[in-house]
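Novice: Everything below, folded, please.
(one chain, ligands or ions: 1)
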Amino acid sequence: MRKYLIDGGGPLSGAATVAKAKNAVLPLLAASVMADGPVALRKCPPIADVVNMLGILNGLGCRVSHSPDFDIRVDASNAGGTELPADLARELRSSIFLLGPLLGRFKTARAAYPGGCDIGFRPIDLHLKGLRDLNVKITEGYGGIVCDGREMRGAETMLEVPSVGATENLMMAAALAPGRTVIRNAAKEPEIADLQRFLNAMGGRVAGAGSSTVKIEGVAKLNGAEFTPLPDRIEAGTLMLACALAGGRIVLNEVNCEHLFPLIAKLREGGVGVVCGEGSLTVEAAGRPSACVGMETQPYPGFPTDLQAPFLSLQAASDGVCVIRENLFETRFKHVPELIKMGADITVRDRTAIVRGVKSLRGAQVAARELRGGAALAIAAIAAKGTSVVEGVRHIERGYYKFEEKLRALGAKIDVLGN
Ligand code: EPZ
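Specialist: Here you go, the predicted structure:
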């Protein structure tokens, strides 16, 4: 089992190029099922979630290939599968937003319940309600969902919660549904706008992504297209927080500062210097981080839940007390007991963590239990005094490609043990 060996305590310095966004590439790959010609997605991160999604597309009859630097090509022109393989669907929760593309293209889809994961229950009721609003007949039986989209048509639908996945699923289903669809209370994450750009590049007619109301005019077919996904704001934010925690000065290239302002505002509140350039940014920090009094995760443009764990690591070494509220997922504090092994002083009550900053975290043997909590432990270990071992690196590698190489390029003393 791969683990990190980290010799912490020194400041960071250097430059890194941010990968393309996992949470854009996954829906874009799902959407490629709808194209009746080849799709090319450039510069994709070869992370486990992307590789699993390629496995699912392959299982649906798509011809999938990629170049050495992971320009991905998907040709769904002869695809025909409409059942998501249960084992892969369980492994990759976000495969549920293949329902929309399969219904759009083939008017039928079957899937096992994706189930929860280590950060919460992860229900799909909003996906199913929205599809029913589009007149999809859905039967939920033993362990699975069967969707009949032969009568699917555009409609008005409202999301109880601005769910990213449900917004994306409905945009894709509606793209090939006859008539006009209006999705209200849609999620506004930048990855939604990226999906809109991609669908329109394929000949779709989608507008409003990035606002609460997305409008889609169904078209008869979607063509192949070439597309480059947007930068990964969560990888960028994780590296920014690593520098805020360890101190030093780093430059990140191929970033979009506009998508990072919820974090930039918080970092500046804590005295960290952030300077935005054209497609790049610089982070500069020295000494003990100043505590942020509080932080609440919110749908975009609020503070992203995916940066809550790395942000909590920063607060654990701050000069005060920070109250962090996780509003999106039920159990997203799994990294806290591991941080406590590093000397952190944190109390968790339900969805609230009270973080009393300590002068310095100390190296320890800790274990990642899920993706973002694992990244939070890695950056804490880089700042901690002494040596740490971070187990469960496979969780981190689901969403960060060669994370240890990026951190090493920024001056961290980190090695990977095991295979
Ligand atoms: C996407 O997950 C991201 N994943 C998550 O990133 C991210 O944390 C999340 O959006 C929120 O930003 C991908 O894009 C692949 P949601 P998603 O539906 O779509 C509730 C990471 O670390 N909800 O926006 O599954 C849900 O329980 C991952 O990269 C329902 O109640 O998230 C949660 O409380 C983790 N019913 C809230 O909505 C539903 O049918 C937001 O979830 C769907 C969601």
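Novice: check contacts around Cys276.
Specialist: 257, 264 (Cβ atoms under 8 Å, 6 or more residues apart in numbering). Backbone N, C-alpha and C define where each C-beta goes, glycine included.
Novice: Sorry, wrong one. I was asking about Leu41.
Specialist: With contacts defined as Cβ under 8 Å, 6+ apart, Leu41 is in contact with 25, 28-29, 32, 71-72, 74, 227-229.
Novice: Tell me which of these fall in strands.
Specialist: Under the assignment DSSP state E, the contacts of Leu41 contribute 72, 74, 227 to strands.
Novice: Now do the nearest residue to the last one once chain neighbours are set aside against Leu222, distance only.
Specialist: Taking Cβ to Cβ, 6 or more residues apart in numbering as the measure, Phe227 lies nearest to Phe198, with 5.0 Å between them; neighbours along the chain are not counted. In this view, Phe198 and Leu222 are 10 Å apart by Cβ to Cβ, to the nearest Å.
Novice: What number of residues are in the vicinity of Glu226?
Specialist: 13 (other Cβ atoms under 10 Å).
Novice: Run through the residues that contact it.
Specialist: 39-40, 42, 201.
Novice: So out of everything in this structure, what residue is nearest the ligand?
Specialist: Gly165 (2.8 Å; Cβ to the nearest ligand atom).
Novice: okay but that residue is in contact with Phe97, surely?
Specialist: Yes. Counting by Cβ atoms under 8 Å, Gly165 touches Phe97, with 5.0 Å between them.
Novice: Strands of the stretch 1-150 of the chain, start to end?
Specialist: For the stretch 1-150 of the chain, strands defined by DSSP state E, counting those that start in this stretch occupy the ranges 3-8, 12-17, 38-41, 63-66, 72-75, 108-112, 137-141, 144-148.
Novice: average pLDDT for the third one?
Specialist: So the one you mean is strand 38-41. Per-region confidence: strand 38-41 scores 98 on mean pLDDT.
Novice: May I have it as PDB, with CA atoms only?
Specialist: Extracted in PDB, the C-alpha atoms of strand 38-41 (Å, rounded to 0.1, in the frame of the first residue of the first chain):
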ATOM      1  CA  PRO A  38     -15.300  11.400 -31.800                       C
ATOM      2  CA  VAL A  39     -14.600  13.700 -28.900                       C
ATOM      3  CA  ALA A  40     -11.100  14.800 -27.800                       C
ATOM      4  CA  LEU A  41     -10.500  16.100 -24.300                       C
END
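Novice: mind starting the numbering at 38 from now?
Specialist: Will do, 38 is the new start, and the previous item becomes strand 75-78.
Novice: And that strand, how far out from the chain middle?
Specialist: With Cα atoms, centre = their mean, to the nearest Å as the basis, strand 75-78 stands 21 Å off its chain's centre.
Novice: buried ones in that strand?
Specialist: For strand 75-78, the neighbour count (16 or more other Cβ atoms under 10 Å) marks 75-78 as buried.
Novice: for the ligand, what are the nearby residues on the stretch 88-237 of the chain?
Specialist: By Cβ under 6 Å from any ligand atom, the residues of the stretch 88-237 of the chain that approach the ligand are 131, 157, 159-164, 198, 200-203, 224.
Novice: rewinding a little: more neighbours, Gly202 and Phe134?
Specialist: Phe134 (26 against 22).
Novice: residue contacts, the more buried one?
Specialist: 63-64, 67, 164, 202, 205-206, 209.
Novice: okay, and the helix or strand of this protein with the least pLDDT?
Specialist: Lowest on mean pLDDT, DSSP states H and E among the helices and strands of the chain sits helix 123-128, with a mean of 80.
Novice: Check what contacts that helix and list those residues.
Specialist: Counting by Cβ under 8 Å, 6+ apart, 89, 92-93, 96, 132-133, 148-149, 151-152, 180-181 sit against helix 123-128.
Novice: From the residues you listed, keep the buried residues only.
Specialist: The neighbour-count test (16+ other Cβ under 10 Å) applied to those identifies 89, 92-93, 132-133, 148-149, 151 as buried.
Novice: Looking at the residues you listed, spot the one nearest Ala302.
Specialist: Among those, Ile133 lies closest to Ala302 (Cβ to Cβ), at 32.3 Å.
Novice: Which residue comes closest to the closest one once chain neighbours are left out?
Specialist: Among residues not flanking Ile133 along the chain, Pro151 sits closest, at 4.9 Å (Cβ to Cβ, 6+ apart).
Novice: do Ala283 as well
Specialist: Closest residue to Ala283 apart from its sequence neighbours, by Cβ to Cβ, 6+ apart: Ala420 at 4.2 Å.
Novice: which residues does the one you found contact?
Specialist: 45-46, 279, 282-284, 350, 354, 398.
Novice: Mind picking the two most distant members of those residues?
Specialist: Gly46 and Ser350, at 14.9 Å, using Cβ to Cβ across those.
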